[in-house]
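**Q** I would like to see how this sequence folds:
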Amino acid sequence: MNIFKRLAEKPWLAQPDTVVDLRTASYAASNQKVALVVFLAIVGVLFFLFFAAYHMRLEPLEFGGQQTDWVPMPEPPLLWFNTIVLGLASVAYEWARRACNRGQTGTAKLAFLIAGGITLAFLALQLVVWNQLIARGYYAYANPANSFFYLITGVHGVHLLGGLVAWARASRRFAASDAEGVDPADVNVRLRRSVDLCALYWHFLLLIWLGMLALFVNT
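**A** Just a heads-up that it's a prediction; the model follows:
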């Protein structure tokens, strides 16, 4: 019997009494944050393709002895000011995130509203930059450099507008936190998650903007 028992053993399978739990840590992330990170990765690839196409079109190729029609655009001084404005929006979101994590709902609400207002100011100032360039004759159809500038900055602005939709939805959570008949713990968890996602989104768009600015300045 011992021989048959020995033959029936499966040493390549772990025995229940010898299984060791090797998990030493765990990583927890909400589904919304995972989805946002995936979305930001796609957005990053999109802008990377824009930058790659920009550099490829920038190459001074010659056709029939004539250079390409690439004419660099100037950088209006307001463009640098807009960079500071967008940076302040990112700082305000980080301020709101930290205040929310500390349970300072009032401070977080103030910082969150300021961040949204600064973002709206940034978008309005970007329209001013466009109007200044158009008034100086830098139309989108004039040459490829102009087209790329309006395209890249326009797509960046569209992503900020999309972020403001999420900002508006998150702003309603602050009002819900003060309402009666709701579970404060559940509301605070949702509120922290919303503020954290908005902060991450704006930090990423600030990095994209800095990359865009470096691209325009160096070319």
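
**Q** What residues of the strand or helix carrying residue 33 count as buried?
**A** Under the criterion of DSSP states H and E, residue 33 resides in helix 31-58. Across helix 31-58, burial judged by 16 or more other C-beta atoms under 10 Å covers 36, 40, 43, 47, 50, 51, 54, 58. (C-beta placed from N, C-alpha, C; glycine too.)

**Q** just so I have it, where are all the strands in this structure?
**A** Applying DSSP state E to the chain gives strands spanning 62-63, 66-67.

**Q** Which of the ones you listed comes out lowest on mean pLDDT?
**A** For these, mean pLDDT drops lowest on strand 62-63, to a mean of 46.

**Q** got any ranges where the protein has weak pLDDT?
**A** 1-29, 59-68, 176-187 (pLDDT under 70).

**Q** same thing but at 90, please
**A** Applying pLDDT under 90 to the chain flags residues 1-35, 53-77, 79, 100-108, 136-146, 169-194, 215-219.

**Q** mind listing the helices for it?
**A** 2-7, 31-58, 77-101, 105-135, 144-177, 184-218 (DSSP state H).

**Q** Just the buried positions in stretch 73-80, please.
**A** Buried residues in stretch 73-80 (16+ other C-beta under 10 Å): 73, 76, 79.

**Q** Kindly report the same for stretch 188-208.
**A** Across stretch 188-208, burial judged by 16+ other C-beta under 10 Å covers 190-206, 208.

**Q** what about residue 135, how many neighbours?
**A** Residue 135 has 8 neighbouring residues, counting by other C-beta atoms under 10 Å.
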